[in-house]
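Novice: take this sequence and fold it.
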Amino acid sequence: MDIVTLTTSLKNLEPSDHKIIYTGKNGTKVIVKYTGKLSPKDFAVGLIPSNEEEFYPTHVRLLIDLFIKRESNSEGAHKLGLLFEKMFSGEDPGKLAKAALEISFRMQFDDPDVNLYYAQLLMIEQDINYGPGMERQSKMNPPREYLMRFIRWVLSGDSTIDRIIFAAAGRRYPAPEKYSKSIS
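Specialist: Coordinates of the predicted model:
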């Protein structure tokens with residue numbers, strides 16, 4: 001689903017909602033579960049890999065996965081980064097999934113289509129919880145740029161993964177300003 005349509009749908013989650021939003025080509029289900037923790041509209045993003053337990057990854061898993069993808073296939077990671085840019089701009093990751101799955105990585109946690117799916121949901125979660133009118137507002141416009149800057153930073157290869165994860169997980173500081181520019 002495109003980001004505008006899905007954002008509208010996710011803003012209307014009910015307290016008991018637990019929904020499958022996407023299913024990856026290899027069967028991983030990408031889900032949301034209403035939590036109401038950070039805001040009355042907050043939700044958690046989860047994964048249910050085939051034959052495994054449901055769990056709720058954070059953006060750190062995504063960043064580490066992109067790092068190992070970049071290490072195993074830098075050209076492929078760049079192509080995936082271009083798909084992330086399209087998704088960030090609003091395109092439906094379901095329409096980008098085929099191109100993502102054509103990229104092969106020797107090392108990975110999740111398939112590239114699943115990366116796009118749950119990254120979109122994490123970005124929507126940021127837009128909802130840190131957008132205009134919220135108690136804690138992001139300095140990024142749109143708020144999802146916070147995560148996208150970290151994705152660009154990882155894919156750039158400019159820093160160690162340790163430094164990036166420390167910044168992303170510790171919320172010590174956002175990714176540098178230079179990562180506000182799209183991957184080209």
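
Novice: name the helix or strand of the protein that has the lowest mean pLDDT.
Specialist: The weakest-scoring helix or strand in the chain, judged by mean pLDDT, DSSP states H and E, is helix 161-170 (a mean of 91).

Novice: burial of the closest residue to residue 1 other than its chain neighbours, as a residue count?
Specialist: The shortest distance from residue 1 to any residue other than its chain neighbours is 5.8 Å, reached at residue 92 (C-beta to C-beta, 6 or more residues apart in numbering). Quick note: C-beta positions are derived from backbone N, CA and C, even for glycine. Residue 92 has 16 neighbours, counted by other C-beta atoms under 10 Å.

Novice: verify the stated contact: residue 92 with residue 2.
Specialist: Yes - with contact defined as C-beta atoms under 8 Å, residue 92 counts as touching residue 2 (4.7 Å).

Novice: follow-up on the earlier one: and the least confident helix or strand of the chain, what's buried?
Specialist: Neighbour-count burial for helix 161-170, counted by 16 or more other C-beta atoms under 10 Å, picks out 161, 164, 165, 167, 168.

Novice: what do you get for stretch 79-99?
Specialist: For stretch 79-99, burial by neighbour count (16+ other C-beta under 10 Å) applies to 79-81, 83-88, 91-94, 96-97, 99.

Novice: closest one of those to residue 50?
Specialist: residue 97 (16.5 Å; C-beta to C-beta).

Novice: may I see the buried residues of stretch 102-109?
Specialist: 103, 105, 108, 109.

Novice: which one of these sits closest to residue 28?
Specialist: Nearest to residue 28, judged by C-beta to C-beta, of those is residue 109 at 10.4 Å.

Novice: excluding chain neighbours, what is closest to the closest one?
Specialist: Nearest residue to residue 109, sequence neighbours excluded (C-beta to C-beta, 6+ apart): residue 65, at 4.2 Å.

Novice: mind pulling up the pLDDT for that neighbour?
Specialist: On pLDDT, residue 65 comes in at 98.

Novice: next SSE after the strand or helix carrying it?
Specialist: Using DSSP states H and E, residue 65 sits within helix 59-72. Note on helix 59-72: by DSSP H and E, the next helix or strand toward the C-terminus is helix 74-88.

Novice: separation between the spatially most central residue of the chain and residue 15?
Specialist: The centroid of the chain falls nearest to residue 119 when counting by C-alpha atoms, centre = their mean (1.5 Å). Using C-beta to C-beta, to the nearest Å, residue 119 is found at 25 Å from residue 15.

Novice: kindly report the same for residue 112.
Specialist: From residue 112 over to residue 15 (counting by C-beta to C-beta), the distance is 33 Å.

Novice: more neighbours: which of the two?
Specialist: Set side by side, residue 112 and residue 15 show more neighbours around residue 112, with 28 against 8, by other C-beta under 10 Å.

Novice: what's near enough to touch the more buried one?
Specialist: Residue 112 makes contact with 69, 80, 83, 97, 100, 101, 103, 105, according to C-beta atoms under 8 Å, 6 or more residues apart in numbering.
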